[in-house]
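Here you go, sequence then predicted model.
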Amino acid sequence: MRCYDDPVEVRTGVVDGVEAPAQFVWRDRLWQVRAVAGHWVETAPWWHQPAVQGLLGLHDGPLDEPTHCLGGSTGEPARAGSVGSVASLVTDHEVWRVQAARGRLGAYGGFELVRDGETGRWRLTGCED
C-alpha cells in the first residue's frame, strides 16, 4: 500500500449494509465505494508528536517515519510548551479500508480513508492499485 496524507471530500451512505464512506473526491476525481473491506478506530500515535518527544528529552531532530501510513512526524523541532490538550493527544481516528472505482468500468483499487475524531476532517492515507 502506498502511503499518502491527502485531504479528501467524503460523502457517507449505506455500503454493504452499514453507514460508511460511499463516495470520495481524491485528486479531482470522484471515486464510488463498492465494498467495505474493514473498519476500526485507532488512537492517534501521540508519542510521535515532536512536542511530546521534546518533553521526554527524546527528540532533537526529525523523527523517523513510522512503518504504517497513519500518523508520523511533521519534521518540526520539538517545543516543550507546544503540547495542546491531553484530549488532542489521544483523539481517536476512524479508519475505513474500502474498495472503490471511478465510474462503472473505470480504475479500481483499495483505499484507506481516515476521519479525524477531533475535527471530523477526512484524509486518504493509503492506496493500492
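Cool, the structure landed.

What segments of this protein are strands?
According to DSSP state E, the chain carries its strands in the segments 2-7, 9-15, 18-26, 29-43, 92-101, 108-116, 122-128.

Mind splitting this protein into its structural domains?
Domains of the chain are assigned by automatic domain parsing as 1-44+90-129, 46-81.

so how far is the first one from its chain's centroid?
Here domain 1-44+90-129 shows a centroid-to-chain-centroid distance of 9 Å under the convention C-alpha atoms, centre = their mean, to the nearest Å.

what bits of this structure have low per-residue confidence?
Within the chain, the ranges that satisfy pLDDT under 70 run 44, 59-90.

again, 80 this time
44-91, 103-106, 129 (pLDDT under 80).

Kindly format the C-alpha coordinates of the lengthiest helix in the chain as CSV.
If you go by DSSP state H, the chain has its longest helix at helix 50-55. Written as CSV, here are the backbone C-alpha positions of helix 50-55 (Å, rounded to 0.1, in the frame of the first residue of the first chain):
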residue,chain,number,x,y,z
PRO,A,50,7.6,16.4,18.3
ALA,A,51,6.4,18.3,21.4
VAL,A,52,5.9,15.1,23.4
GLN,A,53,9.4,13.8,22.3
GLY,A,54,10.8,17.1,23.4
LEU,A,55,9.2,17.0,26.8
